[in-house]
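In: with the sequence up front, the predicted model follows.
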Amino acid sequence: MKRMRRVKILATLGPASDDEATIEKLARAGADVFRINMSHASHEVLARTVSRIRKVEEKTGHPIGILVDLQGPKLRVGMFKDGAVMLEQGAKFILDTSEAEGDQSRVHLPHPEIFQSVEAGHRLLLDDGKIQLKATRVDDDTIETEVVYGGKLSNKKGVSLPDTLLPVGALTEKDRLDLDEALKNEADWIALSFVQRPEDIVEVRKLVQGRAGVLAKIEKPQAIDRLEEIIKLCDAFMIARGDLGVEMPIETVPGLQKRMIRIARRYGKPVVVATQMLESMITSPMPTRAEVSDVSIAVFEGADAIMLSAESASGDYPVEAVEMMNKVAVSVENDSNYPAIIRSQATEPEATAADAISAATRQTAETLDLSAIVTYTSSGSTGIRAARERPSKPIIAVSPNLKTVRRLALVWGLHCVQTAEASNLEAMVDQACNIAFKEGFAKPGDRVAITAGVPLGTPGATNMLRIAFVGQDGTGSS
């Protein structure tokens, strides 16, 4: 399971891929983390899928991360008398609190919070932005609108409000129940949808209490307005380009992607690029050239992970999609331009011992042409700091904590290994060299860099860098 690339692959599981045999094929093809989408999964399906992933983890002998994606609030219109209506550009259309079936002139909107928040001039986007309305008058139970872009509107289509800050948290009652179930099943990451403000992250962190990493999905314009505050509070975040492209001008999304990846690097937060990366592979065994270019851009920019959604969850070619993503990533990382592009995006280390050691380790490993960097990490923070430096040498993240190595499966460049805690420094050096040897990163006579915190096992206390030779038997000497 030694990967030939640094960027990680996050694959969504679903009807096309959630049996144990396919999960194993996906893992061997290159999937490092599996996503379970609670918009489509029951608690029974969640528990069953987690169990299957853990069985595959045992078979492969390599830690696999699990991300549970909470649904978040879903805003939808009500039902129509005839199932659907055609809205004409320039026509008047009303959304109201009446539960009567809709017609050509109106429809039920079962969300009181929208009536409290929408103002005249605000846009309402229906059916993934295919229909656009503009509010002209609002009161307690009626939103009168003008149709800006018309089309067919049918039952239960979604509503997006790019200009409106809604007075609702990111967690619904369903999300709270799903979160409890995800934590019971020891999910490694919790993805939070509908993030609008930093307080949304604080609320979830209180519930999670460190039992999983909290990943914020950036999909709302309101989140962009307070982006750095949100990123500081979460453990990782996702650039959810699909919803961003609905609620914001689509031409701004590529620039936002670049900006967010750079902010992630600055703060040392893992970032996932998601949505429609290999969309055509839902029905085709080959992607388009544009999709391959899209994936390659995310890799060149230094994203921690790239994600497959329907391609692996419900498509006809889930394994082929992972294999293709793996091939593209390997090709990009072997491109002669890749090292210079990655280095040009480097940021200054923070004024802490841990960051200074991580920066020095990268430089030392590259200057001395070491075979690998072995970083001991209890909580995972040392591993993330090492990855933030984007060294050209492989990074082996070693921890006695199984939860930590599973969580770090999402992070750029980290080859994660669980091992027993070393009793002293010399035992740690031997252990590090042996792991680098056994995992195929170093051979006898090679040198490796080792970072750790002294005293051993102290979370977040990285303060030591050592260089060691790998002996004939895989042991080490300084």
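Out: Looks like it came in fine.

In: please, where are all the helices along the stretch 1-150 of the chain?
Out: 20-29, 43-60, 112-117 (DSSP state H, counting those that start in this stretch).

In: of the ones you listed, which stretch is the most buried?
Out: Comparing these by mean neighbour count (mean count of other CB atoms under 10 Å), helix 20-29 ranks first with a mean of 18. In this view, the C-beta of every residue, glycine as well, is placed from N, C-alpha and C.

In: tilt between it and helix 43-60?
Out: 50 degrees (axes from the mean of the first three to the mean of the last three CA atoms, to 10 degrees).

In: now for the residue nearest the centre of the chain: which residues touch it?
Out: The structure's the chain has its C-alpha centroid closest to Val272; by CA atoms, centre = their mean the separation is 3.8 Å. The neighbourhood of Val272, defined by CB atoms under 8 Å, 6 or more residues apart in numbering, consists of 10, 215, 236-239, 303-307, 410.

In: cool, Thr375 as well?
Out: By CB under 8 Å, 6+ apart, the residues touching Thr375 are 361, 382-383, 386, 395-398, 450-452, 462.

In: so what are the sheet partners of the helix or strand hosting it and their directions?
Out: Taking DSSP states H and E as the criterion, Thr375 maps to strand 372-376. With DSSP bridges as the test, strand 372-376 is paired with strand 395-399 (parallel), strand 447-453 (parallel).

In: how about it as PDB, C-alpha atoms only?
Out: Coordinates of each C-alpha in strand 372-376 appear next as PDB, following Å, rounded to 0.1, in the frame of the first residue of the first chain:
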ATOM      1  CA  ALA A 372      12.900   9.800   4.100                       C
ATOM      2  CA  ILE A 373      11.600  11.900   7.000                       C
ATOM      3  CA  VAL A 374      10.200   9.900   9.900                       C
ATOM      4  CA  THR A 375       8.000  12.000  12.200                       C
ATOM      5  CA  TYR A 376       6.700  10.800  15.500                       C
END
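
In: can you give me the strands for the stretch 51-200 of the chain?
Out: For the stretch 51-200 of the chain, applying DSSP state E, counting those that start in this stretch gives strands covering 65-69, 84-87, 92-96, 106-108, 123-126, 131-139, 142-149, 151-154, 159-160, 189-192.

In: and those as CSV, adding distance to Asp19?
Out: Formatted as CSV, these follow (distance: least, CB to CB, whole Å):
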stretch, distance to Asp19
strand 65-69, 16
strand 84-87, 36
strand 92-96, 42
strand 106-108, 40
strand 123-126, 36
strand 131-139, 38
strand 142-149, 42
strand 151-154, 33
strand 159-160, 34
strand 189-192, 22
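
In: one step back: of the helices of the stretch 1-150 of the chain, which is nearest Glu439?
Out: helix 43-60 (13.2 Å; CB to CB).

In: what helices or strands is the closest one leaning on?
Out: When contacts are defined as 3 or more CB pairs under 8 Å, 6 or more residues apart in numbering; DSSP states H and E, helix 43-60 packs onto helix 20-29, strand 33-37, strand 65-69, helix 173-184.

In: just flag the most distant two among the contacts of Thr375.
Out: Ile396 and Thr462 (14.8 Å).

In: the two - which one has more neighbours?
Out: Remark: of Ile396 and Thr462, Thr462 carries more neighbours, 28 against 24, as counted by other CB atoms under 10 Å.

In: how much space separates the more buried one from Pro254?
Out: In this structure, Thr462 lies at 35 Å from Pro254, with CB to CB, to the nearest Å as the measure.

In: do the same with Met38
Out: Met38 is 29 Å from Pro254, by CB to CB.

In: the more surrounded of those two?
Out: Ranked by neighbour count (other CB under 10 Å), Met38 and Pro254 place Met38 first, with 24 against 13.

In: got a pLDDT number for that one?
Out: As predicted, Met38 sits at a pLDDT of 97.

In: contact partners for it?
Out: Met38 touches 46, 68-71, 174-175, 178, 182, counting by CB under 8 Å, 6+ apart.

In: excluding chain neighbours, what is closest to it?
Out: Asp178 (4.6 Å; CB to CB, 6 or more residues apart in numbering).

In: again with Gly90
Out: Val147 (6.3 Å).

In: quick one: contacts for that neighbour?
Out: Shown in contact with Val147 (CB under 8 Å, 6+ apart): 87-93, 131-133.

In: tell me the buried residues within the residues you listed.
Out: Neighbour counting with 16 or more other CB atoms under 10 Å marks 87, 93, 131-133 as buried within the contacts of Val147.

In: mind putting those in JSON lines, pLDDT and distance to Leu161 included?
Out: What follows is these, written out as JSON lines (pLDDT from 0 to 100; distance: CB to CB, whole Å):
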{"residue": "Leu87", "pLDDT": "96", "distance to Leu161": "17"}
{"residue": "Phe93", "pLDDT": "97", "distance to Leu161": "16"}
{"residue": "Ile131", "pLDDT": "96", "distance to Leu161": "13"}
{"residue": "Gln132", "pLDDT": "96", "distance to Leu161": "12"}
{"residue": "Leu133", "pLDDT": "97", "distance to Leu161": "10"}
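
In: pick out whichever of those sits closest to His111.
Out: For the buried ones among the contacts of Val147, the nearest to His111 is Leu133 (14.6 Å; CB to CB).

In: which residues does that closest one bridge with?
Out: Leu124, Val147.

In: so what touches stretch 112-120?
Out: By CB under 8 Å, 6+ apart, the residues outside stretch 112-120 that reach it are 75, 95, 97, 109, 124, 135-143, 159, 161, 164-168.

In: much appreciated, bye for now.
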